[in-house]
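[1] output the structure for:
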Amino acid sequence: MRGCDIKGLHPHPNPLPACSRQASREREFMDGHYLAWSSEAVLRQPNWKLLENCRLCPRSCGINRAGQSGQKATRGYCRQGSTMKVAYVGPHMGEEPPITGRRGAGTVFLTGCTLRCSYCQNYQISHQGLGQQVTPDRLIVKIAAMIDSYGVHNVSFVTPDHFFPHVFETVEGLRARGYGLPVVMNVSGYQSVEMLKRAENYTDIYLPDFKYADSGLANRLSSCPDYPEVALSALDEMLKQKGFLKTTNANPGVATKGVLVRHLILPGHVKNSCDALTMLFVEFGPKLPLSLMSQYYPVRPQKFPELNRTIKKEEFEMVLSHAKDLGFHTLFVQYLSNNITVTNEKPSFVPDFSSPRPFG
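    Model prediction:
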């Protein structure tokens, strides 16, 4: 995404009261400390065993993706089996400034998704399954080549949770080979707390979405009416683990650890956006780093008419104004482009994963 850092915004003159979660967690979020969580059976399982009764995401399909013990591998909501699929490994210059830096984020776009939003910009990989099968060892080689060739600032796994066992092994392999760059988990927000606990030792930075405050909208567009409550619990866990986003003192500062939350404004759904921002403020306070995205583009026809257009200037300004009024201290804003219209020629920020260079 295209980003611009807005800092030092004044709090709203009548800010909403912080709930107990914010008050009790603020010190933990800043320091990245948390109390040890009591062991549960799911955490004692070897990572690869999780594929046999898959509950890697909150949908908890419970199907056998491993195909072991004489059973044929099956596929759940994510549409993926036992072998990892990857659509693209390469530098990406379109993330927020602390993630992109000067040399880019080292992105790894994984095939499939546990959310599969109807309007997904990456539908070629989330819905159509575009990508190549790859082992963790082979992926390590590809990532190492990217790091050596481009000097990226991090290794960023995009929609990794349905392949967490494979990703964890990949991270272990990279570290064993001396690659110590920060690892980013770029996720939908719809994550299992138990799986996030497993991800803790393999993650430095969480880059989650917070898409919906409206459970009805979440159900219509992503088939997950429980999204708001699940995502808030997931964010709470991410923040307990890593705290708010921390950066180097360079200009621009590059992220080293922590959480940065994204929100994509959807056309015709300003109330959902404003309610989502209010929810984040009440739950986690003004120090939560927030990224507002305006890049919605209908890459394929949508069932709901309002989603067949880009967002309007007044919609964007209403949501941005609300974010400023709430008083978030660190706000990254993807400003609305005046010349984006729905045509056969897709804008440059819409990737084409059938190309060796999806972002042009």
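[2] could you look up the SS state of Tyr297?
    Assigned with DSSP: H, G, I helix; E, B strand; the rest coil, Tyr297 falls in the coil class.
[3] and it, backbone torsions?
    phi -150, psi 130 (degrees, to the nearest 10).
[4] is it true that it touches Ile311?
    No - contact status for Tyr297 versus Ile311: not in contact, 9.5 Å apart, counting by C-beta atoms under 8 Å. For every residue, glycine as well, the C-beta is placed using N, CA and C.
[5] compare those two (neighbour count), which wins?
    Neighbours were tallied for Tyr297 and for Ile311 using other C-beta atoms under 10 Å; the higher tally belongs to Ile311 (24 against 17).
[6] now do that one against Ser222, distance only.
    In this structure, Ile311 and Ser222 are 18 Å apart, going by C-beta to C-beta, to the nearest Å.
[7] try Val167
    As for Val167, its distance to Ser222 is 22 Å (criterion: C-beta to C-beta).
[8] those two: which has the busier surroundings?
    Val167 (25 against 21).
[9] now that one. Nearest residue, chain neighbours left out?
    Computed as C-beta to C-beta, 6 or more residues apart in numbering, the closest residue to Val167 that is not its neighbour in sequence is Pro160, at 4.6 Å.
[10] go on, Arg102?
    Of all residues not flanking Arg102 in the chain, Pro252 sits nearest, at 7.2 Å (C-beta to C-beta, 6+ apart).
[11] wait, what's in contact with that neighbour?
    Applying C-beta atoms under 8 Å, 6 or more residues apart in numbering, we find Pro252 in contact with 97-98, 101-102.
[12] give me the phi and psi for it.
    When quoted as degrees, to the nearest 10, the phi and psi of Pro252 stand at phi -80, psi 150.
[13] run through the bridge partners of Val187.
    On the basis of DSSP bridges, Val187 takes part in beta bridges with Pro208.
[14] what's the neighbour count on it?
    For Val187, the tally of surrounding residues (other C-beta under 10 Å) stands at 26.
[15] got the contact list for it?
    For Val187, the contacting residues are 159-161, 206-209, by C-beta under 8 Å, 6+ apart.
[16] for the residues you listed, which one is nearest Lys303?
    Taking C-beta to C-beta as the measure, Lys303 lies nearest Asp209 of those, at 20.9 Å.
[17] I'd say the closest one and Gly189 touch.
    Yes - counting by C-beta under 8 Å, a contact exists between Asp209 and Gly189, whose distance comes to 4.5 Å.
[18] which among the contacts of Val187 end up buried?
    Of all the contacts of Val187 considered here, the ones buried according to neighbour count by 16 or more other C-beta atoms under 10 Å are 159-161, 206-209.
[19] okay if I get the residues you listed as a markdown table plus pLDDT and distance to Asn53?
    Putting the buried ones among the contacts of Val187 into a markdown table (pLDDT from 0 to 100; distance: C-beta to C-beta, whole Å) gives the following:
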| residue | pLDDT | distance to Asn53 |
| --- | --- | --- |
| Thr159 | 96 | 21 |
| Pro160 | 96 | 20 |
| Asp161 | 95 | 16 |
| Tyr206 | 98 | 26 |
| Leu207 | 98 | 28 |
| Pro208 | 98 | 25 |
| Asp209 | 98 | 27 |
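[20] poorly predicted segments of the stretch 1-150 of the chain, please.
    Counting by pLDDT under 70, the stretch 1-150 of the chain shows low-confidence ranges at 1-45, 67-74.
[21] could you rerun that using 50?
    2-20, 25-39, 69-70 (pLDDT under 50).
[22] tell me where the stretch 201-350 of the chain has strands.
    205-208, 246-247, 255-259, 261-264, 290-293, 330-333 (DSSP state E, counting those that start in this stretch).
[23] from the chain's centre, how far out does the third one sit?
    This points to strand 255-259. The chain centroid and the centroid of strand 255-259 are separated by 13 Å, computed with C-alpha atoms, centre = their mean, to the nearest Å.
[24] tell me the SS of Met185?
    With three-state DSSP as the criterion, Met185 was assigned strand.
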